[in-house]
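Asks: Pasting the sequence and the predicted coordinates here, then a few questions.
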Amino acid sequence: MARATFDAVIEAVHFGTRGRIAAVRVYQRRGAAFSDRFLLERSALVEELKRGRRFVTGQRKPFLGSVFEAGPQVVYHAGDRDVVATSDQDGDKDSLSGALLF
């Protein structure tokens, strides 16, 4: 099995007021396997992205614990924009294509 090129998978996102991400539901790489899903607040997500961790959106394949259908990579645009978005999105607000809403 080929090694995945990402550190974590964002399965779902919750947007708060003003269209900003409030929290994301994440599976995090733990060696060759992935963690159970857990919630990560926007501030923690931004810190992880600043540290160089690679996040993608996607879904876990049923009955295949560490196999995911990975979507686009998640990036953080600092400065005036202060936006968390997938690499295929361009805009002035948070947007994670490929992630479910919760």
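Replies: Received the coordinates, thanks.
Asks: what lines up beside the lowest-mean-pLDDT helix or strand in the chain in the sheet?
Replies: Across the helices and strands of the chain, mean confidence by mean pLDDT, DSSP states H and E is lowest for strand 33-34: a mean of 85. Using DSSP bridges, strand 33-34 pairs in its sheet with strand 21-30 (antiparallel).
Asks: which residues touch the least confident helix or strand of the chain?
Replies: For strand 33-34, the surrounding residues in contact (CB atoms under 8 Å, 6 or more residues apart in numbering) are 9, 27-28, 60, 65-66, 68. The C-beta positions use only the backbone N, C-alpha and C, and glycine is treated the same way.
Asks: Test my guess that residue 49 contacts residue 86.
Replies: No - using CB atoms under 8 Å, residue 49 is not in contact with residue 86, being 11.9 Å away.
Asks: what about these two, which has more around it?
Replies: Between residue 49 and residue 86, counted using other CB atoms under 10 Å, the more crowded position is residue 86 (20 against 17).
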